[in-house]
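# Make a model of this:
(one chain, ligands or ions: 1)
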Amino acid sequence: MIPIRKGKQLDFMRAAGGLARDILLKTAKEIRPGVTTGEIDAYAADLMRETGCKSAFLGYRGFPGHICISVNEEVVHGIGGPRPIAYGDIIKIDIGIVKDGWVGDNAVTIPVGEIRPEVHHLLWATEESLHVAIDHARDGIMLGDLSHSVEATVVPFGYSVVRQFVGHGVGRKLHEEPQVPNFGRKGTKPRLKAGMILAIEPMVNLGTASVKILGDDWTVITADRKASAHFEHTVLVTDDEPEILTWRERTMTAGDLAAPDSRVRA
Ligand code: MG
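Below is the predicted model of the structure:
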(Lines give C-alpha, C1' and ligand atoms only; values in the text may rest on other atoms or scores of the structure.)
Protein backbone atom coordinates (compact mmCIF):
# COMPACT_ATOMS: atom_id res chain seq x y z
CA MET A 1 0.00 0.00 0.00
CA ILE A 2 1.26 3.43 -0.92
CA PRO A 3 0.49 5.79 1.99
CA ILE A 4 -1.78 8.77 1.30
CA ARG A 5 -0.97 11.71 3.57
CA LYS A 6 -3.37 14.48 4.46
CA GLY A 7 -4.04 17.35 6.85
CA LYS A 8 -1.65 17.57 9.80
CA GLN A 9 0.56 14.85 8.28
CA LEU A 10 1.32 17.18 5.39
CA ASP A 11 2.30 19.96 7.80
CA PHE A 12 4.84 17.62 9.42
CA MET A 13 6.18 16.60 6.00
CA ARG A 14 6.45 20.25 4.91
CA ALA A 15 8.44 21.00 8.07
CA ALA A 16 10.73 17.98 7.58
CA GLY A 17 11.25 18.80 3.90
CA GLY A 18 11.99 22.45 4.60
CA LEU A 19 14.51 21.54 7.27
CA ALA A 20 16.21 18.95 5.03
CA ARG A 21 16.50 21.68 2.38
CA ASP A 22 17.91 24.28 4.81
CA ILE A 23 20.57 21.86 6.03
CA LEU A 24 21.43 20.86 2.45
CA LEU A 25 21.89 24.48 1.34
CA LYS A 26 23.97 25.46 4.38
CA THR A 27 26.13 22.36 4.03
CA ALA A 28 26.63 22.98 0.31
CA LYS A 29 28.14 26.39 1.13
CA GLU A 30 30.93 24.67 3.06
CA ILE A 31 32.09 22.71 0.02
CA ARG A 32 35.39 24.14 -1.21
CA PRO A 33 38.89 22.93 -2.07
CA GLY A 34 40.88 21.63 0.91
CA VAL A 35 37.91 20.81 3.15
CA THR A 36 37.61 17.06 3.77
CA THR A 37 34.43 15.11 3.10
CA GLY A 38 34.47 14.11 6.79
CA GLU A 39 34.40 17.78 7.80
CA ILE A 40 31.36 18.31 5.56
CA ASP A 41 29.62 15.38 7.24
CA ALA A 42 30.46 16.76 10.70
CA TYR A 43 29.16 20.21 9.72
CA ALA A 44 25.83 18.72 8.63
CA ALA A 45 25.67 16.68 11.85
CA ASP A 46 26.10 19.89 13.89
CA LEU A 47 23.25 21.55 11.97
CA MET A 48 21.00 18.56 12.66
CA ARG A 49 21.78 18.76 16.39
CA GLU A 50 21.17 22.51 16.48
CA THR A 51 17.82 22.24 14.70
CA GLY A 52 16.52 19.30 16.74
CA CYS A 53 16.43 16.69 14.00
CA LYS A 54 18.30 13.46 13.31
CA SER A 55 20.00 11.95 10.32
CA ALA A 56 17.73 9.51 8.50
CA PHE A 57 20.83 7.75 7.18
CA LEU A 58 23.09 7.28 10.23
CA GLY A 59 22.72 3.67 11.35
CA TYR A 60 20.39 2.78 8.47
CA ARG A 61 21.46 -0.82 7.77
CA GLY A 62 24.67 0.22 9.56
CA PHE A 63 25.46 3.28 7.41
CA PRO A 64 28.23 5.15 9.29
CA GLY A 65 27.73 8.75 8.03
CA HIS A 66 25.25 11.53 8.88
CA ILE A 67 24.91 12.37 5.18
CA CYS A 68 26.00 10.71 1.94
CA ILE A 69 28.85 12.54 0.24
CA SER A 70 30.02 11.18 -3.10
CA VAL A 71 32.83 12.59 -5.27
CA ASN A 72 33.17 12.51 -9.09
CA GLU A 73 32.71 8.87 -10.23
CA GLU A 74 31.05 8.01 -6.92
CA VAL A 75 27.31 7.77 -7.65
CA VAL A 76 25.64 7.64 -4.22
CA HIS A 77 26.15 6.42 -0.63
CA GLY A 78 29.68 7.83 -0.23
CA ILE A 79 30.92 8.15 3.37
CA GLY A 80 32.66 11.29 4.65
CA GLY A 81 36.32 10.77 5.55
CA PRO A 82 39.85 12.19 5.23
CA ARG A 83 39.64 12.92 1.48
CA PRO A 84 40.16 16.62 0.75
CA ILE A 85 37.85 18.18 -1.82
CA ALA A 86 39.78 19.37 -4.90
CA TYR A 87 39.20 22.16 -7.41
CA GLY A 88 37.34 20.68 -10.40
CA ASP A 89 35.58 17.96 -8.38
CA ILE A 90 31.85 17.43 -8.40
CA ILE A 91 30.44 16.70 -4.95
CA LYS A 92 27.09 15.02 -4.38
CA ILE A 93 25.51 15.59 -0.99
CA ASP A 94 22.40 13.63 -0.09
CA ILE A 95 20.74 14.72 3.14
CA GLY A 96 17.83 12.95 4.80
CA ILE A 97 16.54 14.01 8.21
CA VAL A 98 13.88 12.91 10.68
CA LYS A 99 11.94 15.71 12.38
CA ASP A 100 9.12 14.80 14.80
CA GLY A 101 8.99 11.33 13.27
CA TRP A 102 8.74 12.46 9.63
CA VAL A 103 11.43 12.23 6.97
CA GLY A 104 12.64 14.81 4.42
CA ASP A 105 15.17 13.72 1.79
CA ASN A 106 17.05 15.72 -0.86
CA ALA A 107 20.30 15.80 -2.81
CA VAL A 108 22.31 18.11 -5.03
CA THR A 109 25.52 17.92 -7.06
CA ILE A 110 27.90 20.84 -6.48
CA PRO A 111 30.65 21.75 -8.97
CA VAL A 112 33.84 22.89 -7.19
CA GLY A 113 35.15 25.80 -9.24
CA GLU A 114 35.35 25.31 -12.96
CA ILE A 115 34.52 21.81 -14.17
CA ARG A 116 34.84 20.22 -17.59
CA PRO A 117 32.09 21.40 -19.99
CA GLU A 118 30.76 17.87 -20.58
CA VAL A 119 30.46 17.32 -16.83
CA HIS A 120 28.72 20.66 -16.45
CA HIS A 121 26.23 19.60 -19.08
CA LEU A 122 25.69 16.27 -17.31
CA LEU A 123 24.80 18.14 -14.12
CA TRP A 124 22.41 20.45 -15.94
CA ALA A 125 20.70 17.57 -17.74
CA THR A 126 20.30 15.59 -14.50
CA GLU A 127 18.72 18.51 -12.65
CA GLU A 128 16.52 19.13 -15.69
CA SER A 129 15.39 15.48 -15.69
CA LEU A 130 14.46 15.79 -12.00
CA HIS A 131 12.16 18.71 -12.77
CA VAL A 132 10.68 17.01 -15.83
CA ALA A 133 9.86 14.03 -13.58
CA ILE A 134 8.45 16.26 -10.82
CA ASP A 135 6.03 17.75 -13.33
CA HIS A 136 4.49 14.25 -13.59
CA ALA A 137 3.77 14.06 -9.83
CA ARG A 138 0.06 14.70 -10.33
CA ASP A 139 -3.08 12.79 -9.44
CA GLY A 140 -4.01 10.31 -12.17
CA ILE A 141 -0.60 10.06 -13.88
CA MET A 142 0.98 6.62 -14.14
CA LEU A 143 4.23 6.22 -12.20
CA GLY A 144 5.72 4.60 -15.33
CA ASP A 145 5.25 7.89 -17.17
CA LEU A 146 7.16 9.76 -14.45
CA SER A 147 9.97 7.18 -14.47
CA HIS A 148 10.17 7.12 -18.25
CA SER A 149 10.46 10.91 -18.39
CA VAL A 150 13.83 10.87 -16.59
CA GLU A 151 15.39 8.45 -19.04
CA ALA A 152 13.78 10.22 -22.01
CA THR A 153 15.36 13.52 -20.90
CA VAL A 154 18.97 12.36 -20.50
CA VAL A 155 19.47 9.45 -22.91
CA PRO A 156 19.33 11.67 -26.05
CA PHE A 157 22.51 13.35 -24.77
CA GLY A 158 24.29 9.99 -24.64
CA TYR A 159 24.03 9.73 -20.85
CA SER A 160 22.82 6.65 -18.98
CA VAL A 161 20.56 6.15 -16.01
CA VAL A 162 21.59 4.03 -13.02
CA ARG A 163 19.24 1.06 -12.74
CA GLN A 164 20.36 -0.63 -9.50
CA PHE A 165 19.29 2.30 -7.31
CA VAL A 166 15.95 4.08 -7.47
CA GLY A 167 13.86 6.73 -5.77
CA HIS A 168 11.18 5.84 -3.24
CA GLY A 169 8.13 6.82 -1.29
CA VAL A 170 9.03 8.74 1.87
CA GLY A 171 7.14 9.76 5.01
CA ARG A 172 7.22 7.99 8.37
CA LYS A 173 10.15 5.97 7.09
CA LEU A 174 13.00 6.79 4.74
CA HIS A 175 11.94 4.12 2.28
CA GLU A 176 8.25 3.51 1.72
CA GLU A 177 6.29 2.26 -1.24
CA PRO A 178 6.48 2.76 -4.15
CA GLN A 179 9.91 2.37 -5.71
CA VAL A 180 10.52 5.25 -8.14
CA PRO A 181 12.89 4.11 -10.90
CA ASN A 182 14.53 6.60 -13.25
CA PHE A 183 13.56 4.42 -16.21
CA GLY A 184 10.44 2.56 -17.21
CA ARG A 185 7.60 2.06 -19.61
CA LYS A 186 4.89 4.61 -20.07
CA GLY A 187 1.52 3.49 -18.77
CA THR A 188 2.97 1.22 -16.06
CA LYS A 189 1.17 1.11 -12.69
CA PRO A 190 0.70 2.32 -10.06
CA ARG A 191 -1.42 5.36 -10.83
CA LEU A 192 -0.40 8.35 -8.70
CA LYS A 193 -2.91 9.80 -6.26
CA ALA A 194 -2.98 13.13 -4.45
CA GLY A 195 -1.32 12.73 -1.03
CA MET A 196 1.40 10.33 -2.13
CA ILE A 197 4.90 11.60 -1.32
CA LEU A 198 7.84 10.58 -3.50
CA ALA A 199 11.61 11.05 -3.21
CA ILE A 200 12.46 11.49 -6.89
CA GLU A 201 16.21 11.16 -7.45
CA PRO A 202 17.76 10.76 -10.91
CA MET A 203 21.27 9.26 -10.85
CA VAL A 204 22.77 9.89 -14.29
CA ASN A 205 26.15 8.77 -15.64
CA LEU A 206 28.35 10.34 -18.30
CA GLY A 207 29.26 6.87 -19.59
CA THR A 208 28.01 3.39 -18.79
CA ALA A 209 24.98 2.73 -16.59
CA SER A 210 26.90 -0.05 -14.81
CA VAL A 211 27.97 0.55 -11.24
CA LYS A 212 30.09 -1.25 -8.64
CA ILE A 213 30.20 -1.08 -4.87
CA LEU A 214 33.53 -0.34 -3.17
CA GLY A 215 35.08 -2.42 -0.39
CA ASP A 216 33.45 -0.22 2.27
CA ASP A 217 30.20 -1.98 1.20
CA TRP A 218 28.49 1.38 0.65
CA THR A 219 30.09 3.68 -1.90
CA VAL A 220 28.61 3.12 -5.35
CA ILE A 221 30.90 4.07 -8.28
CA THR A 222 30.49 4.00 -12.04
CA ALA A 223 32.05 0.88 -13.56
CA ASP A 224 33.96 3.02 -16.10
CA ARG A 225 34.95 5.64 -13.46
CA LYS A 226 33.33 8.42 -15.46
CA ALA A 227 31.39 11.16 -13.71
CA SER A 228 27.92 10.68 -12.22
CA ALA A 229 25.34 13.28 -11.15
CA HIS A 230 22.53 13.08 -8.59
CA PHE A 231 19.70 15.50 -7.76
CA GLU A 232 16.76 14.74 -5.48
CA HIS A 233 13.59 16.30 -4.10
CA THR A 234 10.79 15.13 -1.81
CA VAL A 235 7.59 15.81 -3.73
CA LEU A 236 3.90 15.74 -2.77
CA VAL A 237 1.56 14.49 -5.50
CA THR A 238 -1.42 16.81 -5.81
CA ASP A 239 -4.33 17.14 -8.21
CA ASP A 240 -2.85 20.44 -9.39
CA GLU A 241 0.79 21.64 -9.38
CA PRO A 242 3.16 19.16 -7.70
CA GLU A 243 4.42 20.49 -4.35
CA ILE A 244 8.19 20.25 -3.84
CA LEU A 245 8.58 19.85 -0.07
CA THR A 246 12.36 20.43 -0.29
CA TRP A 247 12.06 23.29 -2.77
CA ARG A 248 15.21 25.30 -3.64
CA GLU A 249 16.34 27.37 -6.59
CA ARG A 250 17.84 25.29 -9.34
CA THR A 251 21.63 25.32 -9.19
CA MET A 252 22.52 24.51 -12.81
CA THR A 253 21.17 27.19 -15.14
CA ALA A 254 20.79 26.90 -18.89
CA GLY A 255 22.90 30.06 -19.08
CA ASP A 256 25.90 28.00 -17.98
CA LEU A 257 25.08 25.39 -20.55
CA ALA A 258 27.93 24.04 -22.63
CA ALA A 259 26.00 21.51 -24.72
CA PRO A 260 28.09 18.79 -26.28
CA ASP A 261 26.17 19.15 -29.56
CA SER A 262 27.92 16.28 -31.25
CA ARG A 263 26.48 13.95 -28.64
CA VAL A 264 22.88 15.00 -29.13
CA ARG A 265 21.13 12.24 -30.95
CA ALA A 266 17.55 13.37 -30.35
MG1 MG B 1 16.33 9.27 -1.41
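# which stretches of the stretch 101-250 of the chain form helices?
Secondary structure of the stretch 101-250 of the chain (DSSP state H, counting those that start in this stretch): helices at 117-134, 143-154.
# nearest to residue 217, of those?
For residue 217, the closest of these is helix 117-134, at 25.4 Å, according to C-beta to C-beta. Using the backbone N, CA and C atoms, a C-beta is placed for each residue, glycine as well.
# got the residue ranges for the strands in the stretch 151-266 of the chain?
160-161, 167-169, 176-180, 197-200, 203-205, 211-213, 220-222, 228-230, 233-236, 243-244 (DSSP state E, counting those that start in this stretch).
# contacting residues around the second one?
So that's strand 167-169. Residues outside strand 167-169 that contact it (C-beta atoms under 8 Å, 6 or more residues apart in numbering) are 2-3, 174-182, 196-201, 232.
# Just the buried residues from these, in PyMOL please.
The following PyMOL line selects those of the contacts of strand 167-169 that are buried, judged by 16 or more other C-beta atoms under 10 Å:
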select buried, resi 2+174+175+176+178+180+181+182+196+197+198+199+200+201+232
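# who wins for proximity to the ion among the strands of the stretch 151-266 of the chain?
Of all these, it is strand 197-200 that lies closest to the ion, at 4.0 Å by C-beta to the ion.
# Direction included, what does that closest one pair against?
strand 167-169 (antiparallel), strand 233-236 (antiparallel) (DSSP bridges).
# In a markdown table: the helices of the stretch 101-250 of the chain, plus mean neighbour count, mean pLDDT and distance to residue 160.
Putting the helices of the stretch 101-250 of the chain into a markdown table (neighbours: other C-beta atoms under 10 Å; pLDDT from 0 to 100; distance: least, C-beta to C-beta, whole Å) gives the following:
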| stretch | mean neighbour count | mean pLDDT | distance to residue 160 |
| --- | --- | --- | --- |
| helix 117-134 | 22 | 97 | 11 |
| helix 143-154 | 23 | 98 | 8 |
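# got CSV for those helices, with distance to residue 67 too?
Listed next are those as CSV, based on distance: least, C-beta to C-beta, whole Å:
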stretch, distance to residue 67
helix 117-134, 19
helix 143-154, 23
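# Run a quick neighbour tally on the nearest residue to residue 228 once chain neighbours are set aside.
Leaving aside its sequence neighbours, residue 228 sits nearest to residue 75 (C-beta to C-beta, 6 or more residues apart in numbering; 4.3 Å). Applying other C-beta atoms under 10 Å, we find 26 residues neighbouring residue 75.
# Report whether the expected contact of residue 75 with residue 205 is present.
Yes: assessed by C-beta atoms under 8 Å, residue 75 is found in contact with residue 205 at 7.3 Å.
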